[in-house]
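1. A structural model of the following input is requested.
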Amino acid sequence: MTASIRAEMAHLVEAAIAAVRPEALVPHRLAAARGELLLDGQAFPVAARLGGRVVVVGGGKAAAGMAAAVEAVLASARPQGGTVSGLVSVPAGCGRRLGHVEVRETRPAGVNLPTVAAVAATGDMREAVASLGPDDLAIVIVTGGGSALLEDPRDGVTLDGVIAVSRSLSAAGADIRELNLVRQALSRVKAGGLARACGAGRLVALVLSDVIGDPLDLIASGPCMPASTDPAAALAVLRRHAAVDVAPDVTRHLERALADGTPPALHAVGGEWMTPSGCHVSHVLLGSNATAVDAAARTARDLGYDVTIRHAVPTSETAESVGPRLAAEATGLYAAAARDGRPRAVIEGGEAVVTVPSEHGVGGRNQQTVLAAVEAWWCAGEPWPAGLAVASIGTDGEDGPTDASGGVVDDDVAQRLSGAGIDVARAVARCDAYPALAAAGGLIRTGPTGTNVADVRIILARP
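-> This next block holds a predicted model:
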């Protein structure tokens with residue numbers, strides 16, 4: 001049964017990732033005809049004309065694939081004499097050569113922090129969109145991972161300070177909303193800053209969401225959304241996670257910004273708004289975590305499973321709590337399948353947080369989730385059954401500073417963990433899931449996928 005259920009798990013993982021690859025998503029929604037960019041076959045509320053210059057900029061783990069798909073859409077309908085150019089910022093391993101848009105690898109793989117190269121690329125993007133005029137079009141690609149790949153610290157804030165605070169908050173278990181409150185308050189390009197720099201008459205932001213619930217102001221820290229920066233809230237996040245003294249320049253900037261007062265925010269209705277310079281901004285959500293979950297669910301049903309879907313699991317869950325929850329649910333799922341002979345599956349989306357101890361090992365939130373599920377199952381005193389598998393994967397192919405995208409446990413992995421004498425409880429406590437799962441054959445390695453819509457967790461139970 002192990003080989004069969006592992007193969008089925010692999011099919012579900014492949015289906016989830018394939019569904020959110022930008023090369024499939026972009027042409028499904030966008031087209032170009034009659035000198036305009038079209039959405040779902042219709043003109044935008046304010047025409048996105050292709051007669052002038054078109055500049056494509058942005059960043060994220062899916063940015064190269066998005067840019068390639070946009071180039072393909074534009075190639076069929078560009079008027080003679082029109083130009084397409086641009087630049088996108090991606091992690092190492094996600095680059096490719098395109099015809100018109102430069103793809104620049106600006107950070108190492110597995111290190112989700114801004115770099116000098118990312119700051120330089122962002123500056124080039126701001127200059128490119130600022131050079132546009134009223135008859136031109138800017139297309140901005142916004143995908144998961146973009147917060148680190150699109151960065152331009154405010155005056156008085158150092159890149160080292162941004163990195164130190166980001167690293168400290170992540171290690172302390174801050175969730176994506178807390179992280180982005182701080183990121184937005186420290187950056188010129190986030191919270192609508194990239195759109196405000198644009199001189200074009202029209203800007204269309206193409207979004208692939210890695211945040212549960214798809215809030216446009218949080219995906220890649222909202223470079224084209226007019227979110228109001230909140231220094232008071234950012235300072236509260238630093239205090240809550242004992243990070244006030246991590247980077248004095250960051251704290252000083254937030255205290256000065258608080259004293260100066262927060263300027264009134266512009267409002268966006270459904271992602272539509274007008275910048276002070278007169279650029280009309282639209283957002284198009286092309287795909288999300290739910291897209292990946294639904295694709296995995298369709299594949300599971302095709303394989304004969306009764307499927308339960310959960311789209312919006314809270315981001316504030318910890319990996320150490322998600323694992324036991326999945327183990328408890330797996331117990332009931334397997335018992336039900338054994339009673340009536342009907343295979344069952346649970347597929348959910350989410351993105352757990354991990355609080356990393358000072359003396360820690362190597363792993364990622366998905367590996368930690370799977371190993372915590374094993375620990376909880378064993379604490380119940382039951383051997384892992386042959387017809388049960390639990391997996392958790394990052395759709396971007398990255399899980400912490402490792403070469404794995406996540407982990408899986410079935411009876412074979414559980415037996416190897418036990419047979420090797422691995423102290424699973426200690427590995428979970430030390431956030432050291434990677435070597436344990438590596439030794440037991442429980443790592444899932446996809447390599448960089450060129451997309452990112454957060455995590456997918458799967459339970460499969462066969463009688």
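2. for the residue found closest to Ile422 once you drop the neighbours it is linked to in the chain, give its distance to Pro463.
-> Computed as Cβ to Cβ, 6 or more residues apart in numbering, the closest residue to Ile422 that is not its neighbour in sequence is Ala436, at 5.0 Å. The C-beta positions use only the backbone N, C-alpha and C, and glycine is treated the same way. In this view, Ala436 and Pro463 are 29 Å apart by Cβ to Cβ, to the nearest Å.
3. count of neighbours near the residue nearest to Ile422?
-> Neighbours of Ala436 under the rule other Cβ atoms under 10 Å: 29.
4. mind checking pLDDT for Pro314?
-> On pLDDT, Pro314 comes in at 65.
5. hang on, I meant Ala33
-> pLDDT, read off for Ala33, is 87.
6. what does the longest helix seen in the chain rub up against?
-> Criterion DSSP state H: the longest helix present in the chain is helix 319-340. With contacts defined as Cβ atoms under 8 Å, 6 or more residues apart in numbering, helix 319-340 is touched by 313, 317, 342-346, 350, 352-354, 365-366, 368-377, 380, 382, 385, 387-388, 390, 392, 428, 457, 459, 461-463.
7. I'd like the next helix or strand past that helix.
-> Moving toward the C-terminus from helix 319-340, the next helix or strand (DSSP states H and E) is strand 344-350.
8. sorry, back to before: contacts for the helix or strand hosting the residue nearest to Ile422, please.
-> Element membership of Ala436 [criterion: DSSP H and E] is helix 433-440. Defining contact as Cβ under 8 Å, 6+ apart, one finds that helix 433-440 is touched by 361-364, 367-368, 370-371, 400, 402, 404, 407, 413-414, 416-417, 420, 422, 424, 427, 442-443.
9. please narrow those to those residing in helices.
-> 367-368, 370-371, 413-414, 416-417, 424, 427.
10. follow-up on the earlier one: narrow the contacts of helix 433-440 to those that are buried.
-> Buried members of the contacts of helix 433-440, counted by 16 or more other Cβ atoms under 10 Å: 361-364, 367-368, 370-371, 400, 402, 404, 407, 413-414, 416-417, 422, 424, 427, 442-443.
11. run a quick neighbour tally on Ala220.
-> Using other Cβ under 10 Å: Ala220 sits among 35 other residues.
12. how close does the nearest residue to it once chain neighbours are set aside sit to Leu169?
-> Nearest residue to Ala220, sequence neighbours excluded (Cβ to Cβ, 6+ apart): Gly146, at 2.7 Å. Shown here: Gly146 relative to Leu169, a distance of 17 Å by Cβ to Cβ.
13. now do the contacts for Ala47.
-> Applying Cβ under 8 Å, 6+ apart, the residues contacting Ala47 are 36, 202.
14. which SSE is it in?
-> Using DSSP H and E, Ala47 sits within no helix or strand.
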